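> Take this sequence and fold it.
(2 chains)
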Amino acid sequence: MTQPRRSFQVGTGLFILLGFAALTYLATQTTSIANYQQGDSYALKAKFSNIGQLKVRAPVKLAGVRIGSVQSITLDPQTLSAIVMIGIDKRFAEIPDDSAAAIFTSGLLGDQYVGIQPGGSPDMFKDGDEVILTQSSMQLEDLIGKFLVGGDTAKQGDQAKTDGSE
Amino acid sequence: MNAPRRNMMLADALAQVGAVGLFMFSILAAVPKSLRHYRETVRQVWFVGAMSLVIIMTCGLFVGMVLSLQLYYVLTNFGGTAALGTVVALSMFRELGPVVTALLFAGRAGTSMTAEIGLMRATDQLSAMEMMAVDPMSYVVAPRFLAGILAMPLLVCIFNALGLLGAHLVGVSWLGLDNGTFWGNMTSTVEVWSDLLNGVWKSAAFGAVIALIATFQGYTTPPTSEGVAYATTRTVVSSAIVVLALDFVMTAFLM
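Next comes the predicted model:
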């Protein structure tokens, strides 16, 4: 009597264990949680005049390889620019301290990320350093605006030239 | 002549819905008492959950494989094969996992619940329990209902995990997609609460509904061999309809 009961209880236990193992695996390996976990990291500060759609936990990439993530985004009340704190994995400690940070978009309509373009300085970034060279996110509206206004000014310039020649 | 009969059918259908509703309340009322027979619940989890593993795992693997193959074929037209992992994971977690598992669960576990309880009814075992002052609602029906709610989410997680394994086999090992792209795009898009757990909540509701229908059909079956056969068929048919309809409603609310 006890033997069959034992075996189905063990079977039930194994089944429940397997189910929760599958849930844990799915939750930690296939969802965005997999990106949160990271080893020891060091922080860098970067000021941008416009961060576009950049979000906290957005990836930081160097040569297309993910090396860290955005940890916080705040506004500097003095300069009225955005301060982006980025955490970079300790494994990637040798990044020259004249490297530039720029905000790019993955694909045409994808999420935005911080791209690091390596410089040539012999000194490396240390924890808490500031990235001096930054390039803000490319705003599609600005681009279109510039294109339209640029076309207008060119026309006006042409007109002025013709006016001047007359 | 026709109109009264139609009214009768309508009234019958309404009475059926009402009876299921009342049956659900009596199950819920019997749940606290059934916790004393927790061994029975464990045995039912073993029977409807652990014994369904083989069919769930095989089907999950093949669903993931065919999904990967089809999506690869479609996405090549747009040069978007990098999104394969994301699309497979989202469609499995949000829809295919809960719904396909629920349909398989209705066929594998729901039918046997109906047949078992129906035969208990046909052979007067339920009446015998009542005579021995054992409440069949709390000893027979409620443990099966609880087992349905407990087993379905776990089965869905296993189904999803095997599905992703199948998708990975086809997409990465066979069709040559980049492994990092497959997982990287998936992890950057899929969210735990809104995608993975969304499907898990749904599957718990499906498990409850299937167990409710199966136990109701078994409990109220005419005590003949033909009656049990019809009740088993009705369990599969109405479970499938209710699961798909409930899926739409729950998705609309959980979005």
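
> For residue 49, grab phi and psi.
In the absence of a named chain, chain A is used. phi -80, psi -20 (degrees, to the nearest 10).

> try chain B instead
Dihedral pair for B:Gly49: phi -100, psi -70, per degrees, to the nearest 10.

> what separates it from A:Phe8, distance-wise?
11 Å (CB to CB, to the nearest Å). The way it works is simple: take the backbone N, C-alpha and C, and place the C-beta from them, glycine included.

> Of those two, give the one with the bigger neighbour count.
Set B:Gly49 next to A:Phe8 and count neighbours by other CB atoms under 10 Å in any protein chain shown: B:Gly49 wins out with 27 against 18.

> Look at that one and report its pLDDT.
Here the pLDDT value assigned to B:Gly49 is 92.

> Helix, strand, or coil at the spatially closest residue to it that is not a sequence neighbour?
Nearest residue to B:Gly49, sequence neighbours excluded (CB to CB, 6 or more residues apart in numbering or on different chains): B:Ala151, at 3.3 Å. Under DSSP: H, G, I helix; E, B strand; the rest coil, B:Ala151 falls in the helix class.

> And B:Ala151, how close does it get to B:Leu254?
Taken as CB to CB, the span from B:Ala151 to B:Leu254 is 21 Å.

> Three-state assignment for B:Gly176, please.
Of the three states, B:Gly176 takes coil according to three-state DSSP.

> burial count for it?
9.

> what's near enough to touch it?
Neighbour list for B:Gly176: empty [criterion: CB atoms under 8 Å, 6 or more residues apart in numbering or on different chains].

> Can you read off the pLDDT for it?
For B:Gly176, the model assigns a pLDDT of 89.

> just the one 10 residues further on next, same as before
In the prediction, the pLDDT value recorded for B:Met186 is 86.

> Next, it: phi, psi?
Torsion angles, degrees, to the nearest 10, at B:Met186: phi -60, psi -50.

> Check the gap between it and A:Thr31 for me.
8 Å.

> Which of the helices or strands spans the residue in chain A that chain B sits nearest to?
Closest contact between chain A and chain B, by CB to the nearest CB, is at A:Gly19 (2.6 Å). Using DSSP states H and E, A:Gly19 falls within helix A:2-29.

> Just the strands from chain A, written as ranges.
A:41-48, A:59-62, A:65-76, A:81-89, A:100-105, A:112-117, A:130-131, A:134-135 (DSSP state E).

> Include distance to chain B, mean pLDDT and mean neighbour count when you put those strands into TSV, please.
As requested, these are exported to TSV (distance: least, CB to the nearest CB, whole Å; pLDDT from 0 to 100; neighbours: other CB atoms under 10 Å in any protein chain shown):
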stretch	distance to chain B	mean pLDDT	mean neighbour count
strand A:41-48	18	87	20
strand A:59-62	7	85	20
strand A:65-76	8	85	16
strand A:81-89	15	88	19
strand A:100-105	14	86	18
strand A:112-117	10	87	20
strand A:130-131	23	86	18
strand A:134-135	23	84	16
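
> Indicate which one of the ones you listed is closest to B:Leu162.
Among these, strand A:65-76 comes nearest to B:Leu162, with 27.8 Å by CB to CB.

> gap between that closest one and the chain center?
Computed by CA atoms, centre = their mean, to the nearest Å, the chain-centroid distance of strand A:65-76 equals 6 Å.
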